[in-house]
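Participant: Structure for this input, please:
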Amino acid sequence: MSDDERARVPGNPITPEGLARLRARYDALLGDERPRMVEIVSWAAGNGDRSENGDYIYGRKRLREIDRELAHLARRMKAARVVEPGKAGDRSRALFGATVTIADEDDLQRTVALVGDDEADAGAGRIGWSAPLARALRGAAVGDLRRVVLPGGEKEWEVLSISYPGENAPGT
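Facilitator: Predicted coordinates:
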């Protein structure tokens, strides 16, 4: 894959679903959790001595955590550039949003989706766009071998199939 092709994906890409999850978390914190904590802190403050009031101390601490997370989510959403998986580019290659099935030297198969860093969840098979494996898979076609340097050592993966959301069958 050329540098021009890699440059087509903006600096902080995210799928529409990933942005929706960030927005839902932001809305839940701002609309539900923060008002509930403000109510608890207000109630606790009315109980007198605040220095030994566990509800007040914990509530203030939790409010600071919520405010930090809200600020973080706001920055991430502002910096995010929504990219529709598979809309631009060669759908026979592993690009942003692709679901790729790979096999290692021991024929152990793994299926991963190449998503934005803010929506990565390795346990669910979603790897961030800037992760070592995702960087190695960028631009790969079915049958390509890709070598990845991981913390546990170097591994070689073969691309078995590539598909994009909305396709009936994996690309071959």
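Participant: Next one: the residue nearest to the spatial centre of the chain from Arg126, what distance?
Facilitator: Centroid check for the chain by CA atoms, centre = their mean gives Glu119 as the closest residue, at 1.5 Å. Glu119 sits 6 Å away from Arg126, taking CB to CB, to the nearest Å as the criterion. C-beta: built from backbone N, CA, C; applies to glycine.
Participant: Could you do Asp118 as well?
Facilitator: 11 Å.
Participant: buried stuff in stretch 54-69?
Facilitator: Tyr56, Gly59, Arg60, Arg62, Leu63, Ile66 (16 or more other CB atoms under 10 Å).
Participant: Secondary structure element holding the second one?
Facilitator: Meaning Gly59. Applying DSSP states H and E as the criterion places Gly59 in helix 54-79.
Participant: which of the buried residues of stretch 54-69 sit farthest apart?
Facilitator: Tyr56 and Ile66 (15.6 Å; CB to CB).
Participant: residue ranges with poor pLDDT in the protein?
Facilitator: 1-11, 86, 88, 167-172 (pLDDT under 70).
Participant: What are the boundaries of the strands in it?
Facilitator: 13-14, 81-82, 99-103, 109-115, 126-128, 145-150, 153-163 (DSSP state E).
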